[in-house]
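Colleague: mind looking at a prediction? Sequence and model below.
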Amino acid sequence: MPEHKINPNKWIDLYSDYLFNYTITRVSDREIAQDLVQDTFLAGLKSMKNFKGEASERTWLISILKRKIIDYYRKINSTKGKAEVRINYSTDSESEGDWLEERVADPFDKTAEDTLQNSELGDAIHNCLGKLPQKQADVFKMKTILGYETEVICNELNITASNLWVIIHRARTAMADCLKENWF
Amino acid sequence: MSKFKITIPCDEANHVCDKTQYNNATLWEKIKLNIHLIYCRACRKYTANNSKLTKAIKKSDVECLDKTSKDLMKRDFEKALKEVAN
């Protein structure tokens, strides 16, 4: 008896935002990320019988997504990347040997640690969002992450403004509780 | 007269605090919130946590799909789902 069951009907509601966030920190292009997530769901659907229930659905989908992302980089590398890969970094012998340092140091860029922490924080936020009731999560995402105006959300979801603020309040309290342990 | 009340109850203070997180509160509301925070410890705590949450989300650059693209994704996926079922 497998521990985890598979149920593709709820995949998009449950995991699309998490997968999307995972992808966008790795490919940094919304459209490509969206396509990759879509591909992942379809691939998951096709190989559903290979799901053994040892890991959770989400972990399983992430492992497919990882392969999709690698494939994506392979593809762009084989079509246009070849010339770029073979660039001679420095031909003059004077600066020989320090090309690596030259290319590594970038004081204006975020350090690897910053980025890592940010993407971990992003994962934590999505984990917490996953624990909220569907409606709260939807409203919270639209308001906080997508930055929609109150009226837009009210029209879209057919709720009143005071209703929205109650939902937001509950969601924020739950989110703060959930993130408190590790991140505040 | 009631319009010019300086003190507000906690639930209203929390509501204003939520609004401030999205820059939706008016100046007068913010003043009232701050007066409330002077004497209310519980709301101070709530406000502190609330702004921490806002900062954390801002810092993480967290992204999610908007509704239209999600709906589009759902439609395509349901089509594929039906094909699998058949």
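Modeller: Great, that's in hand.

Colleague: what helix or strand is the closest residue to A:Phe140 other than its chain neighbours on?
Modeller: Closest residue to A:Phe140 apart from its sequence neighbours, by CB to CB, 6 or more residues apart in numbering or on different chains: A:Ala171 at 4.0 Å. To be clear about C-beta, it is placed using only N, CA and C from the backbone, and glycine gets the same treatment. Element membership for A:Ala171, per DSSP states H and E: helix A:161-183.

Colleague: and that helix, how far out from the chain's middle?
Modeller: 21 Å (CA atoms, centre = their mean, to the nearest Å).

Colleague: so which residues on chain B come close to chain A?
Modeller: B:14-15, B:18-19, B:21-22, B:24, B:46, B:49-50, B:52-54, B:56-57, B:59-67, B:69-70, B:73-74, B:76-77, B:80-81, B:84 (CB under 8 Å from any CB of the partner chain).

Colleague: where does pLDDT dip in chain A?
Modeller: A:1-3, A:79-112, A:115, A:182-184 (pLDDT under 70).

Colleague: got the domain ranges for it?
Modeller: According to automatic domain parsing, chain A comprises the domains A:1-83, A:113-184.

Colleague: would you list those in CSV and tack on distance to B:Ile35?
Modeller: Below are these laid out as CSV (distance: least, CB to CB, whole Å):
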stretch, distance to B:Ile35
domain A:1-83, 39
domain A:113-184, 20
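
Colleague: backbone dihedrals for A:Glu149, please?
Modeller: Backbone torsions for A:Glu149, taken as degrees, to the nearest 10, come to phi -70, psi 160.

Colleague: where's it relative to A:Lys131, distance?
Modeller: Relative to A:Lys131, A:Glu149 is positioned 26 Å away (CB to CB, to the nearest Å).

Colleague: cool, and A:Lys52?
Modeller: With CB to CB as the criterion, A:Lys52 and A:Lys131 are 25 Å apart.

Colleague: same thing with B:Lys5?
Modeller: 38 Å.

Colleague: of those two, who's got more company?
Modeller: A:Lys131 (12 against 8; other CB atoms under 10 Å in any protein chain shown).

Colleague: helix or strand: which one has the spatially most central residue of chain A?
Modeller: Per CA atoms, centre = their mean, the C-alpha nearest to the average position across chain A is that of A:Asn21, at 1.6 Å. Here A:Asn21 sits within helix A:11-27, counting by DSSP H and E.

Colleague: please name every helix or strand in contact with the helix or strand following that helix.
Modeller: Sequence order places helix A:30-46 as the next helix or strand after helix A:11-27, per DSSP H and E. Helix A:30-46 is packed against helix A:11-27, helix A:57-79, helix B:67-85, with contacts defined by 3 or more CB pairs under 8 Å, 6 or more residues apart in numbering or on different chains; DSSP states H and E.

Colleague: secondary structure element for A:Leu129, which one?
Modeller: helix A:112-131.

Colleague: that helix packs against which elements?
Modeller: Right, helix A:112-131 is packed against helix A:11-27, helix A:134-140, helix A:161-183, helix B:41-60 by 3+ CB pairs under 8 Å, 6+ apart.

Colleague: pick the most deeply packed of those.
Modeller: Of all those, helix A:11-27 carries the top mean neighbour count, a mean of 22, counting by mean count of other CB atoms under 10 Å in any protein chain shown.

Colleague: between that one and helix B:67-85, how big is the angle?
Modeller: 120 degrees (axes from the mean of the first three to the mean of the last three CA atoms, to 10 degrees).

Colleague: so which elements touch helix A:11-27?
Modeller: Using 3+ CB pairs under 8 Å, 6+ apart, helix A:11-27 sits against helix A:30-46, helix A:57-79, helix A:112-131, helix B:67-85.

Colleague: now A:Thr173: closest residue in space that isn't a chain neighbour?
Modeller: A:Thr173's closest residue in space is B:Tyr46 (CB to CB, 6+ apart), at 7.9 Å.

Colleague: and for A:Tyr72?
Modeller: A:Leu36 is the one closest to A:Tyr72 (CB to CB, 6+ apart), at 6.2 Å.

Colleague: show me the one of the helices and strands packed on helix A:11-27 that comes nearest A:Leu164.
Modeller: helix B:67-85 (15.2 Å; CB to CB).
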